[in-house]
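S.K.: next input, structure requested:
(chains A and B)
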Amino acid sequence: MKSLAHMTPGTRGKVVGMDIDQTMKSRLVDMGISCGTEIECVGISPLGDPIAFKVRGAVIAIRRRDCRNITVSEEMEHNEHEKH
Amino acid sequence: MNTKNTEYTIALAGNPNVGKSTVFNALTGMHQHTGNWSGKTVETARGTFSTKKYSYTLVDIPGTYSLTPHSKDEEAADNFLKSNDYDGVIVICDATCLERNLLLVLQIMERSERVLLCVNLLDEARRKHIDIDIDLLSEKLGIPAVGIVARKEKQLKALSAKLDEMMETETKQTHTPKKQRCAEELLSEAEQICNSVVTKGKHKDIDRSIDRVLTGKWGAFTSMGLLLALIFWITVSGANILSDALTYILFGLEDILYQFALDIGVPAFFRELVICGAYRVLAWVVSVMLPPMAIFFPLFTLLEDMGYLPRIAYNLDRPFCRCNACGKQALTMCMGFGCNACGVTGCRIINSPRERLIAMITNNFVPCNGRFPFLITVITLFFTAHSFSAALILALFVIIGVLATLAVSKILSLTLLKGEASSFVLELPPYRMPQFGRVIIRSIFDRTLFVLGRAAAVAAPAGALIWILANINIGDSTLLASFSDFLDPFGRLLGMDGVILMAFILGIPANEIVLPIILMTYMASGSLANIEAAQIYTLLTENGWTWITAVSVMLFSIMHWPCSTTLMTMKKESGSIGWTVAAFLIPTACGFLCCFVFTTVARAFFA
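M.R.: Predicted structure coming up:
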């Protein structure tokens, strides 16, 4: 289990916890991120912040400090029928 | 009664970047009143169209990810859908990202009886090996659904047919209000539906490969810089050609008009006022100021169509965040390149009111299309005639504007607009091939005609006014000379002179007329003779211009009060006269400061 802010490009995980304020949480849900969502880190901005994630087919950039309190469990296997 | 005259009002909803505007334009064509700047739907545009059976009014509501009110756009969308001012809704979805898009669809279904799901971008989905069973989707949701490729279809027949069908079907008259479920629940439902309806195969993600370059550690700033320089270079070179042609035509026409006026015996005062005053400034604006705008705007819209602009916000978010501002400010700055008034309106995409104000106040540091020709002319005359170097210098001044934006944003967030940087989420949409034809045609009709209109409305009267001021004497000098003499000491302090300052002041209605006013005043006759570029240089240097003057003028052009249109927009968007005054004073104060410092230092070392 680690935080979204620590994911590196190419890694995948599943969101397990979102310990953030309601407004931010609501905004993230609107973009498709909620508990149980599969998420993949696809890049980091050249100046280090924000971080780009692929979720439900779209790419979203979130600032590091907003990711810190979102926990993900890492996917161990590479599934054949990946859904993301 | 199914007569053709039955009119229905249909709301057009969908996530941002799904091609909603394309559908809107394809259906309503010329029968619409668009918002400020084609390409960005911030206002609700309305248009009409007819199918075989009915007439429709289509209301394009702002693109939103959901109806939860986080920002003005979402509030506007939600309010519209909660009202009963419409008969049906079409929701446009992106086939490559259906799951997330369905959240909005499900929310809308909880508020409306008649919802038509329109899955767009099927060609892109096919490219990414994504297959959607539209019929099964329709069945699972319980609403009609149709798949389209909006870019390619001229008339969207399938969509129109399905819409007619929907308006004819009886709806289940439920008088109990639908339960409004929370977004997480709706997301789960969307996921379930998509699992059975969407099949995905493996594909190479081109977008990620492109992003690796355009947002990569070294690639990002190199590409942004090169792109900026390239766009400016194309603008400068292309504008030269167009300008020459237009100058030839319009000033040739002036001679004909003048002769005609002489022939029919128009009184001298009137003849001089209209032709030498109003017409000349109008001709000048059209032949010198219009070409760069006509070229820059489509180029910029193409970039926006391609999906590149959010990458700029992504690359530049960190410095903006450090200045306690929002990364989306980078986007509003880009809009400001086209027109600062549009940039100010565009600040609606920033959720936090504090950050929105910062973005609005600093928007004027980005030179708009109206100021580009002035900058280009001065650069070409005083520094280099070579278009690529000119483009680089222009880029340099733009960067100065960007740095000023960051600095002032930081200062504002520590003083007048105190606060922390808010949270935000930015989507990086897939790269798309821009629709060249559509962009160019829209640019020509919307932007070019708008500038021509404004030239007629502002430049011509301004030219007439200048002519009058230059020909009315008080004491032993003209009104014009008196005014500029009065401003002269202050102007000199800033590295400029009274004439230049006066021109900037009189240029409040539109930045395009600043240069014509300067030239007209120097020529002392109060009218703008048809002069070549080389002659402009002589005229300026004869009136005391040096390279220091040139740089001060350019700095002031970047940092001075906004034009009247921008000020009015500022008042409308902020709802406050106080902040509008701030938007006037802050860039001006920066301009005064920078020009003063530069001039003093330059004179000390070089003069």
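S.K.: centre of the chain to the helix ranked longest in chain B, how far?
M.R.: Longest helix in chain B by number of residues, with DSSP state H as the criterion: helix B:219-263. Mean-position distance between helix B:219-263 and its chain equals 20 Å (CA atoms, centre = their mean, to the nearest Å).
S.K.: who are the packing partners of it?
M.R.: helix B:206-214, helix B:268-271, helix B:280-284, helix B:290-306, helix B:309-322, helix B:372-382, helix B:387-414 (3 or more CB pairs under 8 Å, 6 or more residues apart in numbering or on different chains; DSSP states H and E). C-beta here means a position set from N, CA and C on the backbone, and glycine is covered the same way.
S.K.: and the angle for the longest one with helix B:309-322?
M.R.: Just to be clear, that refers to helix B:387-414. Helix B:387-414 and helix B:309-322 meet at an angle of 40 degrees, taking axes from the mean of the first three to the mean of the last three CA atoms, to 10 degrees as the criterion.
S.K.: the first one now?
M.R.: Angle of helix B:206-214 versus helix B:309-322, following the same axes, to 10 degrees, is 50 degrees.
S.K.: distance from helix B:206-214 to the middle of the chain?
M.R.: 26 Å.
S.K.: and what of the third one?
M.R.: In this view, helix B:280-284 has its centroid 25 Å away from the chain centroid, taken as CA atoms, centre = their mean.
S.K.: same deal with the fifth one?
M.R.: Mean-position distance between helix B:309-322 and its chain equals 18 Å (CA atoms, centre = their mean).
S.K.: buried residues, it. List them.
M.R.: B:309-321 (16 or more other CB atoms under 10 Å in any protein chain shown).
S.K.: quick one on the thing from earlier: deepest in the core, which of the helices and strands packed on helix B:219-263 is it.
M.R.: Among the helices and strands packed on helix B:219-263, the stretch with the highest mean neighbour count (mean count of other CB atoms under 10 Å in any protein chain shown) is helix B:280-284, at a mean of 26.
S.K.: could you list the low-confidence segments of chain A?
M.R.: Across chain A, the ranges flagged by pLDDT under 70 are A:76-84.
S.K.: on that earlier part again, chain A: which of the buried residues of helix B:309-322 is nearest?
M.R.: B:R318 (3.9 Å; CB to the nearest CB).
S.K.: before we move on, back to that, near chain A, which of the buried residues of helix B:309-322 show up?
M.R.: B:Y314, B:N315, B:L316, B:D317, B:R318, B:P319, B:C321 (CB under 8 Å from any CB of the partner chain).
S.K.: so the spatially closest residue to B:G475 that is not a sequence neighbour, which state does it fall into?
M.R.: Ranked by CB to CB, 6 or more residues apart in numbering or on different chains and with sequence neighbours excluded, the top spatial neighbour of B:G475 is B:S482, at 7.5 Å. Secondary structure for B:S482, judged by DSSP: H, G, I helix; E, B strand; the rest coil, is helix.
S.K.: please apply the same query to B:C118.
M.R.: strand.
S.K.: pLDDT value on B:Q173, please?
M.R.: Note on B:Q173: pLDDT of 57.
S.K.: what helix or strand does the residue nearest the centre of chain A sit in?
M.R.: Chain A has A:I39 as the residue nearest its centroid, 4.8 Å off, counting by CA atoms, centre = their mean. Using DSSP states H and E, A:I39 maps to strand A:38-44.
S.K.: partner strands of that strand, with direction?
M.R.: strand A:12-18 (antiparallel), strand A:51-55 (antiparallel) (DSSP bridges).
S.K.: please identify the most buried of those.
M.R.: strand A:51-55 (a mean of 23).
S.K.: just how off-centre is that strand within its chain?
M.R.: Worked out by CA atoms, centre = their mean, strand A:51-55 lies 6 Å from the chain centre.
S.K.: packing partners for the one helix or strand B:L465 maps to?
M.R.: Using DSSP H and E, B:L465 falls within helix B:460-471. If you count contacts as 3+ CB pairs under 8 Å, 6+ apart, helix B:460-471 packs onto helix B:280-284, strand B:477-478, helix B:479-493, helix B:498-506, helix B:514-522.
S.K.: what's the following helix or strand after the last one?
M.R.: For helix B:514-522, the following helix or strand on the C-terminal side (DSSP H and E) is helix B:533-542.
S.K.: other residues contacting whichever helix in chain A runs longest?
M.R.: Scanning chain A for the longest helix, with DSSP H as the assignment, gives helix A:22-30. Helix A:22-30 is contacted from outside by A:18, A:20, A:34, A:62, A:66, A:70, B:65-66, B:68, B:70, B:103, B:183-184, B:187, B:423-425, using CB atoms under 8 Å, 6 or more residues apart in numbering or on different chains.
S.K.: which of the residues you listed count as buried?
M.R.: Buried, going by 16+ other CB under 10 Å: A:18, A:20, A:34, A:62, A:66, A:70, B:65-66, B:68, B:70, B:103, B:183-184, B:187, B:423-425, out of the contacts of helix A:22-30.
S.K.: and the strand holding A:I39, which residues are buried?
M.R.: Buried, per 16+ other CB under 10 Å, within strand A:38-44: A:E38, A:I39, A:E40, A:C41, A:V42, A:G43, A:I44.
S.K.: what do you get for stretch B:244-253?
M.R.: B:L246, B:T247, B:L250, B:F251.
S.K.: measure the second one to chain A for me?
M.R.: Taken as CB to the nearest CB, to the nearest Å, the spacing of B:T247 relative to chain A amounts to 44 Å.
S.K.: how about the residues of the stretch 351-500 of chain B near chain A?
M.R.: Counting by CB under 8 Å from any CB, the residues of the stretch 351-500 of chain B near chain A are B:S423, B:F424, B:V425, B:L426, B:E427, B:L428, B:P429.
S.K.: tally up the residues packed near B:A604, please.
M.R.: 8 (other CB atoms under 10 Å in any protein chain shown).
S.K.: rewinding a little: format the helices and strands packed on helix B:460-471 as JSON lines; extra columns: mean pLDDT.
M.R.: JSON lines is the format used below for the helices and strands packed on helix B:460-471 (pLDDT from 0 to 100):
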{"stretch": "helix B:280-284", "mean pLDDT": "81"}
{"stretch": "strand B:477-478", "mean pLDDT": "80"}
{"stretch": "helix B:479-493", "mean pLDDT": "90"}
{"stretch": "helix B:498-506", "mean pLDDT": "93"}
{"stretch": "helix B:514-522", "mean pLDDT": "86"}
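S.K.: want to try JSON lines for those, with distance to B:D211 as columns?
M.R.: Formatted as JSON lines, those follow (distance: least, CB to CB, whole Å):
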{"stretch": "helix B:280-284", "distance to B:D211": "44"}
{"stretch": "strand B:477-478", "distance to B:D211": "60"}
{"stretch": "helix B:479-493", "distance to B:D211": "48"}
{"stretch": "helix B:498-506", "distance to B:D211": "42"}
{"stretch": "helix B:514-522", "distance to B:D211": "40"}
